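Trainee: 3D, please:
(chains A and B)
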Amino acid sequence: MPRPRFLLAIPAWAWLVTFFVLPVATVVYFSFGYKPGLFGTHATDVLSLDRYREALSPTFFTTFINTLRVGILGTLICLLIAIPMAYWMAVKVSPNRRVFLLALVIVPFWTNFLVRTIGWQVILAPEGWLSGLLQSVGLRDGPLAILYTRPAVLLGVVYNYLPLMILPLFVAFDRVGPALREASKDLGADRWRTFTQVTLPMARPGIIAGVLLVFIPLMGDYITATVLGGARGNMVGQLVASQFQAAQNWALGSAMAVLLILVIAVTVLVGAAMAYLVSWPFARHRRLRLADLPPAEART
Amino acid sequence: MSGSGEHRTLTDYLLYAWGVLVFAFLFLPIVVIILYSFNEGRLLVAFTEFGFTPFRAIVERPQIRSAVIVSIQTGAIAAVLATALGTLAGVAMARRPGRWVFWFVLLLLLVSVTPEIVDAVALLPWLVFLGQDVGLGIFDNGVVRLVVGHSLFSTAVVAYIVRARLVGLDAQLEEASADLYASPWTTFRRITLPLAMPAVLAGGLLAFTLSLDNTIISAFVQVSGTTPWPVYVLSALRSGLRPEIAAVSTIMLLLTLLSLVLVWLVLRRAGDSDTQIARTMTGN
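Mentor: Below you'll find the predicted structure:
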């Protein structure tokens, strides 16, 4: 009896369809419905795009823009911190110590997300030790007032997602290997030129992976904004949650969830297009065709 | 720092300093939590004096104990389930390739990139629907709900890891086994599974840690009475954080470290390089 090739994948497939595809599809369906009266959560007898219009009304639209701003800014800051860090780990550190340093990056990543964030709440609290220290040194006149602001959320997301940027970049820099760098040096390039024209372009897959690994979960973040942001540092994740929990308006919450996914997808696509457009002229400019070179005697 | 005895330049020192700073940044809040778990004060934020009262509170307060037990229980069940589903899928992807793999990987990819909050709000009405409208009473059980929620992402992670391991190994042994008239089931049990074992174990431990860590889905699908640890912490945020939270977190941190070391050892013995291990552990 011939068996289908995907036989062994059927249990996982069925499980994911039942508890991922169908529920998410239901949410998409709910998003076209409405909230019937005070006690109902959703109704779908009349379908419309009204919930999307509502989700994009000025009150909620600001939150979408804020989330996008935190997402893009946070990803860029992670990238700026991680490039020298990963380069250092992959190129400058001896292989024996590298294992230890990798483990050190992984430990915070696997520490409970919520607990790490609470750690920052303890640090940033107006009555906490950092606030006291800054005041006694004379750097601040009053207690620290950063907790429950947008900068605190930005600090929190950069902290929480930084390992996700460092690790793929490390893998990418590690893969370039010393041979190409030495070749570049032998051909007369200084360190900066070697880095910008050999190492960094070769590490592009790692940069792309890191940016996606940070940006996508960051956009849907709920915990960091809840712990460090308070009312002023609102993000879309909290908006969705509050529609489902406090407001009991599943239709509107669903529309927001669908919009969140769309915003992430569109930003990733726009970002990819922009990165392509920016790098294209450079790639053309730098490409060297052997036929274009003057003959050897003319060059000397 | 640079190998082969070259002289160190200013750039080297700057990079070194940067690395030290980033590590300080990464560990600052973790160190703070560990230190504050010895806080005798009433509130977590204000450190009064050093003591072990918060650790004693774990044993004495039934709510905390029950939350930790629910977390470990859920973690174990979710890990077993995700490992079983993910291993079978990973084996199929590696050994029975075809056009179906593309669509299946697409599904796994969707599962891994969907924001957790979307999973959470989608699962809540769905589980209520299954439990009350369809009448499958099992979905009213708190632990079952948590296990379902925690198993989704983990299944995808285990499938990736197992697939990656088997793709790197030649299928000759399995072919030989089939040539020697072993049934497919025997070949799977005696050849494929032992070959994939390091990845299976690593995947299982990762699934366990992921479940211990899960907060968002848990907060939505949980039933009162079976509150897992992170959701307990989340609700404590509103009523004021006490030092016990830090104490339990310290213990959970030790538990996580232990399972990470285990994963590391398992993969190490299987011959993975450290870079490969690091990639496996971050799920990419």
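Trainee: how about the helices in the stretch 51-200 of chain A?
Mentor: With DSSP state H, counting those that start in this stretch, the ranges of helices along the stretch 51-200 of chain A come out as A:58-87, A:95-110, A:113-124, A:129-137, A:150-186, A:191-194, A:200-202.
Trainee: Report the inter-axis angle for the fifth one versus helix A:95-110.
Mentor: Taking axes from the mean of the first three to the mean of the last three Cα atoms, to 10 degrees, one finds helix A:150-186 and helix A:95-110 inclined to each other by 160 degrees.
Trainee: which stretch among the helices of the stretch 51-200 of chain A comes nearest chain B?
Mentor: Of all the helices of the stretch 51-200 of chain A, it is helix A:113-124 that lies closest to chain B, at 2.6 Å by Cβ to the nearest Cβ. Using the backbone N, CA and C atoms, a C-beta is placed for each residue, glycine as well.
Trainee: Does chain B have contacts with that closest one?
Mentor: Yes: judged by Cβ under 8 Å from any Cβ of the partner chain, helix A:113-124 comes into contact with chain B through A:113-123.
Trainee: same for that helix, what does it pack against?
Mentor: Helices and strands touching helix A:113-124, by 3 or more Cβ pairs under 8 Å, 6 or more residues apart in numbering or on different chains; DSSP states H and E, are helix A:129-137, helix A:150-186, helix A:223-224, helix B:10-36, helix B:229-239, helix B:243-269.
Trainee: got these as a markdown table, with mean pLDDT, distance to B:A207 and mean neighbour count columns?
Mentor: Converted to a markdown table, the helices and strands packed on helix A:113-124 look like this (pLDDT from 0 to 100; distance: least, Cβ to Cβ, whole Å; neighbours: other Cβ atoms under 10 Å in any protein chain shown):
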| stretch | mean pLDDT | distance to B:A207 | mean neighbour count |
| --- | --- | --- | --- |
| helix A:129-137 | 83 | 36 | 14 |
| helix A:150-186 | 90 | 18 | 20 |
| helix A:223-224 | 90 | 20 | 27 |
| helix B:10-36 | 93 | 23 | 17 |
| helix B:229-239 | 87 | 16 | 18 |
| helix B:243-269 | 83 | 10 | 19 |
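Trainee: Take these and lay them out in a markdown table including distance to A:F215.
Mentor: Putting the helices and strands packed on helix A:113-124 into a markdown table (distance: least, Cβ to Cβ, whole Å) gives the following:
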| stretch | distance to A:F215 |
| --- | --- |
| helix A:129-137 | 29 |
| helix A:150-186 | 9 |
| helix A:223-224 | 14 |
| helix B:10-36 | 20 |
| helix B:229-239 | 24 |
| helix B:243-269 | 25 |
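Trainee: Which one of those helices lies nearest to A:G210?
Mentor: Closest to A:G210 of the helices and strands packed on helix A:113-124, according to Cβ to Cβ: helix A:150-186, at 4.2 Å.
Trainee: between that closest one and helix A:113-124, what angle do the directions make?
Mentor: In terms of direction (the same axes, to 10 degrees), helix A:150-186 departs from helix A:113-124 by 100 degrees.
Trainee: so how far is helix A:150-186 from its chain's centroid?
Mentor: Chain-centre distance of helix A:150-186: 14 Å, with Cα atoms, centre = their mean, to the nearest Å.
Trainee: Over to B:N39: give its phi and psi.
Mentor: Per-residue torsions, B:N39: phi -90, psi 120 (degrees, to the nearest 10).
Trainee: residues in contact with it?
Mentor: If you count contacts by Cβ atoms under 8 Å, 6 or more residues apart in numbering or on different chains, B:N39 has them with B:46-51, B:54, B:243, B:246.
Trainee: what's the spacing between A:M235 and A:G220?
Mentor: From A:M235 across to A:G220, the span is 9 Å (Cβ to Cβ, to the nearest Å).
Trainee: Ok, B:R61 next?
Mentor: Per Cβ to Cβ, B:R61 is found 33 Å from A:G220.
Trainee: How about B:L146?
Mentor: 20 Å.
Trainee: ditto for B:F27
Mentor: B:F27 is 26 Å from A:G220, where distance means Cβ to Cβ.
Trainee: again with B:V221
Mentor: Per Cβ to Cβ, B:V221 is found 17 Å from A:G220.
Trainee: about what we covered before: more neighbours: A:M235 and A:G220, which one.
Mentor: Shown here are A:M235 and A:G220; by other Cβ atoms under 10 Å in any protein chain shown, A:M235 has more neighbours (28 against 25).
Trainee: thinking again about what came up before, which one of the helices and strands packed on helix A:113-124 lies nearest to A:A43?
Mentor: helix B:229-239 (29.5 Å).
Trainee: residues in contact with the closest residue to chain B within the stretch 151-300 of chain A?
Mentor: Nearest residue of the stretch 151-300 of chain A to chain B (Cβ to the nearest Cβ) works out as A:G220 at 2.4 Å. For A:G220, the contact set (Cβ under 8 Å, 6+ apart) comprises A:236-237, A:260, A:264, B:115-118.
Trainee: To B:Q276, which of the helices of the stretch 51-200 of chain A lies closest?
Mentor: Using Cβ to Cβ, the helices of the stretch 51-200 of chain A put helix A:150-186 closest to B:Q276, at 8.9 Å.
Trainee: Chain B contacts on the stretch 151-300 of chain A?
Mentor: A:159, A:162-164, A:166-168, A:170-171, A:174, A:191, A:209, A:213, A:216-217, A:219-220, A:222-223, A:226-227, A:237, A:240-241, A:244, A:250, A:253-254, A:257, A:260-261, A:264.
Trainee: can we see that at 6 Å?
Mentor: A:167, A:171, A:174, A:216, A:220, A:222-223, A:237, A:240, A:244, A:253, A:257 (Cβ under 6 Å from any Cβ of the partner chain).
Trainee: Alright, calling it a day.
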